[in-house]
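[1] Quick one, structure for this:
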Amino acid sequence: MKVTKLLALLAVLAMVIAACSPSEGDGTTTTGDGGATPTTGATPTTAPPSGAEAGSGGELLILQWQAPSQANSLISSGTKDLLAGSLVLEPLAEIAADGSLVASGLASEIPTVENGGVAEDFSTITWTLREGVLWSDGTPFTADDVLFTWEYCSDELTGCSADLSKIASVEVVDDLTVTFTFTEPQPYPYGAGFVGYASPVISRAQFADCVGEQASACTDQNFMPVGTGPYMVTDLRPEDTVAYAFNPNYRGVPEGKPFFGTVTIKGGGDAESAARSVLEIGEADYGWNLQVAPEVLLPMEDAGNGRIITSFTANVEHINLNQTDPDGDPPSEFPSQHPVLYQNAEFARALSLAIDRDALVAVGYGPTGVPTCTIWPVGDQATTALDECLTRDVDTANQILDDLGYLDTDNDGTREAPGFGPLVFDFVTSTNAVRQSNQDIIKSNWEEIGVVANMSNQDASLFFDGTSASDFSIWKFFSDMEMFTNGSVLPDAAGYLHGYHTDEMTTGALGWPANNNIVRFSDATYDEISDGALSLSPTDPEYVDLVKQMQEIVVNQGAIINLIHRGNVSAIAVDIEGFGEPNGWDSEYWNVEDWFRSEG
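    Numbers count the residues shown, from 1 in each chain. As a prediction, the model looks like this:
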């Protein structure tokens with residue numbers, strides 16, 4: 001079948017190899033309401049030189065080849081700006097590398113039902129704030145600043161990128177206590193806001209005149225926000241350089257934190273030059289978002305100046321199998337059914353078994369990718385029941401197709417399905433050297449079982465067109481198959497997997513990108529399980545079981561074929577210590593106050 005002739009074209013949403021923003025790469029991100037287990041306390045790190053004073057460590061040079069435009073994380077247009085703001089602005093709680101919540105931000109502890117911070121019916125959450133925290137201008141941080149931040153984002157004209165809409169009201173109990181009442185019960189209350197680097201607190205005193213229509217015009221505030229974090233912006237040149245000095249009012253100063261007196265985020269160049277600067281030349285301390293082919297990147301590490309670091313969250317390269325009919329009128333609208341792919345579990349299994357995932361990783365990802373069979377390959381919430389696909393099995397794939405009655409009756413090398421004809425499908429992805437190399441492998445693998453994929457690729461600005469003005473948009477999905485990376489911005493399994501619920505189906509009536517069920521998967525059992533998982537706290541013993549069942553159903557019903565668990569790739573100088581584990585859930589600089597340069 002041919003892809004329908006298509007319209008106009010636009011720009012978009014993504015995650016490539018690093019934790020890219022929705023406007024900076026080639027994949028998508030989704031948030032929801034499942035979750036991580038909260039803990040208290042920061043991840044332990046090694047200690048800086050004994051007796052070192054805060055700010056005594058000289059300059060830390062960070063290369064972000066996609067340079068920041070501003071430093072107000074709340075109106076950020078992408079990860080590059082969120083990272084710039086994360087050195088200055090702090091949330092109530094942060095997310096550690098393992099996906100757990102830690103009280104290393106502005107809260108003194110993580111609220112739970114057990115400690116009384118979360119209501120038993122999940123209708124409210126009460127945060128207790130740290131005592132003695134000062135803004136970088138020396139004024140006290142209080143619960144009123146949290147209230148103001150919610151007011152700031154609640155005005156639609158502000159254009160706040162942090163979604164605080166699940167919070168119906170904010171009550172300042174006292175200077176160090178604030179209670180959020182939710183619009184509806186939130187079993188994972190941390191997803192409502194103020195957790196992680198994309199949802200920090202800002203100062204009422206500085207931003208009082210920047211609410212609504214005035215927000216974007218507040219250049220001084222957006223470029224140089226007053227914060228509670230370890231650094232202050234001293235100069236910001238959009239799309240070029242951000243310069244920071246350590247914050248003398250930071251709470252860690254008595255302990256010698258932060259070690260570095262200044263930080264420079266330098267933009268420009270490209271991913272390969274950033275990698276080379278850290279790994280080969282040794283002139284920079286950190287290189288972010290290294291979208292570099294493994295055969296180019298890996299040899300750079302041999303120089304001994306830096307090391308490649310990879311963080312894995314929930315980003316999975318996968319193939320969507322359209323459950324609706326792209327040749328329908330209108331195309332790809334539920335409840336139409338694809339004549340071959342609709343809930344054709346055994347056919348999807350055959351296609352999956354024929355794919356050489358190890359080869360996909362070898363040519364495109366190296367250590368930055370791992371073969372996977374599930375859409376949520378994270379910790380103990382990942383199912384292993386689907387691991388059959390990790391071993392390529394062409395014989396079984398062929399047998400499955402024989403049993404389905406899909407035979408090559410005319411001996412032309414292509415099987416036919418009764419009532420459909422030759423098993424020939426349109427397969428679309430974004431224009432990207434890695435994706436095209438993977439398409440070539442998949443095409444060859446499927447030819448071995450008598451299935452033909454008409455491979456095509458579209459510019460990322462069309463394929464990930466967040467407005468779906470283009471018919472090439474992944475949300476419209478006017479082809480048989482499409483391949484890209486999807487992931488969650490929170491360690492939030494149930495909420496992310498809820499994206500395959502029938503109610504989440506993308507439709508033209510709603511405006512294509514309004515929902516997350518792009519593949520138009522619909523299954524009553526899945527919907528029931530998803531609703532049940534969303535009603536549970538992640539600490540409930542039943543939660544993990546339901547999350548695993550959801551992963552298994554969406555694959556076993558033939559909606560998606562998962563391929564590669566993709567990592568976020570950066571590089572760090574060998575003499576930078578205190579870094580800990582690479583963190584893909586929060587800012588890559590989330591614990592920069594703990595970093596130091598080793599002696600010698």
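[2] so how far is Gly267 from the nearest residue to Tyr496 once chain neighbours are set aside?
    Spatial nearest neighbour of Tyr496, chain neighbours left out: Ser488 (4.0 Å); criterion: C-beta to C-beta, 6 or more residues apart in numbering. C-beta here means a position set from N, CA and C on the backbone, and glycine is covered the same way. Using C-beta to C-beta, to the nearest Å, one obtains 27 Å as the distance from Ser488 to Gly267.
[3] Do I have it right that the residue nearest to Tyr496 meets Ile375?
    No - look at Ser488 against Ile375 with C-beta atoms under 8 Å: they stay out of range, at 9.9 Å.
[4] Please name the bridge partners of the residue nearest to Thr241 when sequence neighbours are not counted.
    Leaving out its chain neighbours, the residue that sits closest to Thr241 by C-beta to C-beta, 6+ apart is Lys266, at 5.5 Å. With DSSP bridges as the criterion, the beta-bridge partners of Lys266 are Leu63, Thr241.
[5] Next, the contact list for Lys266, please.
    If you count contacts by C-beta atoms under 8 Å, 6 or more residues apart in numbering, Lys266 has them with 61-64, 67, 240-241, 284.
[6] what's the farthest-apart pair in those?
    Set against one another by C-beta to C-beta, the contacts of Lys266 have their most distant pair in Asp240 and Ala284, with a gap of 15.4 Å.
[7] Now do the SS call for Asn486.
    When the structure is reduced to helix, strand and coil (DSSP: H, G, I helix; E, B strand; the rest coil), Asn486 reads as strand.
[8] give me the low-pLDDT residue ranges for the chain?
    Scanning the chain for pLDDT under 70 picks out the ranges 1-47, 77, 466, 514, 600.
[9] Please go through it and pick out the longest strand.
    Criterion DSSP state E: the longest strand present in the chain is strand 306-321.
[10] for that one, which positions count as buried?
    With burial defined by 16 or more other C-beta atoms under 10 Å, the residues of strand 306-321 counted as buried are 306, 308-321.
[11] Give me the sheet partners of that strand and which way each runs.
    Here strand 306-321 is paired, per DSSP bridges, with strand 481-488 (antiparallel), strand 560-573 (antiparallel).
[12] Could you pull out the helices in the stretch 451-600 of the chain for me?
    Taking DSSP state H, counting those that start in this stretch as the criterion, the stretch 451-600 of the chain carries its helices at 460-463, 493-497, 524-534, 541-556.
[13] repeat for the stretch 251-400 of the chain
    Applying DSSP H, counting those that start in this stretch to the stretch 251-400 of the chain gives helices spanning 271-276, 294-300, 345-354, 357-364, 394-403.
[14] May I see these organised as CSV, with mean neighbour count and distance to Glu448 added?
    CSV is the format used below for those (neighbours: other C-beta atoms under 10 Å; distance: least, C-beta to C-beta, whole Å):
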stretch, mean neighbour count, distance to Glu448
helix 271-276, 23, 34
helix 294-300, 16, 25
helix 345-354, 21, 6
helix 357-364, 19, 13
helix 394-403, 16, 6
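[15] Grab the nearest non-local neighbour of Met481.
    Sequence neighbours aside, Phe427 is the residue nearest to Met481 in space, at 4.3 Å (criterion: C-beta to C-beta, 6+ apart).
[16] Neighbouring strands of the host helix or strand of the one you found in the sheet, and parallel or not?
    Phe427 is part of strand 424-430 when elements are defined by DSSP states H and E. Strand 424-430 has the following strand partners under DSSP bridges: strand 452-458 (parallel), strand 481-488 (parallel).
[17] center of the protein, which residue is that?
    Relative to the mean C-alpha position of the chain, the nearest C-alpha, by C-alpha atoms, centre = their mean, is the one of Val489, at 3.9 Å.
[18] neighbours around the nearest residue to Val201 once chain neighbours are set aside, how many?
    When the adjacent residues along the chain are set aside, Val201 lies closest to Thr149, with 5.0 Å between them (C-beta to C-beta, 6+ apart). The burial count assigned to Thr149 is 27, neighbours taken as other C-beta atoms under 10 Å.
[19] cool, and Pro418?
    Using other C-beta under 10 Å, Pro418 is surrounded by 10 other residues.
[20] wouldn't it be in contact with Gly405 here?
    Yes - Pro418 is within contact range of Gly405, at 6.0 Å (criterion: C-beta under 8 Å).
[21] Check the helices of the stretch 451-600 of the chain for me and report the most buried one.
    When those are scored by mean count of other C-beta atoms under 10 Å, the highest mean neighbour count falls to helix 493-497 (a mean of 28).
[22] same for that one, what does it pack against?
    Helices and strands touching helix 493-497, as assessed by 3 or more C-beta pairs under 8 Å, 6 or more residues apart in numbering; DSSP states H and E, comprise helix 524-534, helix 541-556.
[23] Who are the packing partners of the longest one?
    Contacts of helix 541-556 with other secondary structure elements, assessed using 3+ C-beta pairs under 8 Å, 6+ apart, are made with helix 493-497, helix 524-534, strand 560-573.
[24] Of those, which is nearest Ser136?
    Comparison of the helices and strands packed on helix 541-556 against Ser136 by C-beta to C-beta identifies strand 560-573 as nearest, at 26.1 Å.
[25] Helices along the stretch 1-150 of the chain, start to end?
    79-86, 143-154.
[26] nearest to Lys476, of those helices?
    Closest approach to Lys476 among those is made by helix 79-86 (25.4 Å; C-beta to C-beta).
[27] Pull that closest one out as PDB, backbone CA atoms only.
    Output in PDB follows, covering the C-alpha atoms of helix 79-86 (Å, rounded to 0.1, in the frame of the first residue of the first chain):
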ATOM      1  CA  THR A  79      16.600  20.900  27.300                       C
ATOM      2  CA  LYS A  80      19.500  23.200  26.500                       C
ATOM      3  CA  ASP A  81      17.800  26.000  28.400                       C
ATOM      4  CA  LEU A  82      16.600  23.700  31.200                       C
ATOM      5  CA  LEU A  83      20.200  22.700  31.800                       C
ATOM      6  CA  ALA A  84      21.300  26.300  31.900                       C
ATOM      7  CA  GLY A  85      18.700  27.100  34.500                       C
ATOM      8  CA  SER A  86      19.400  24.000  36.600                       C
END
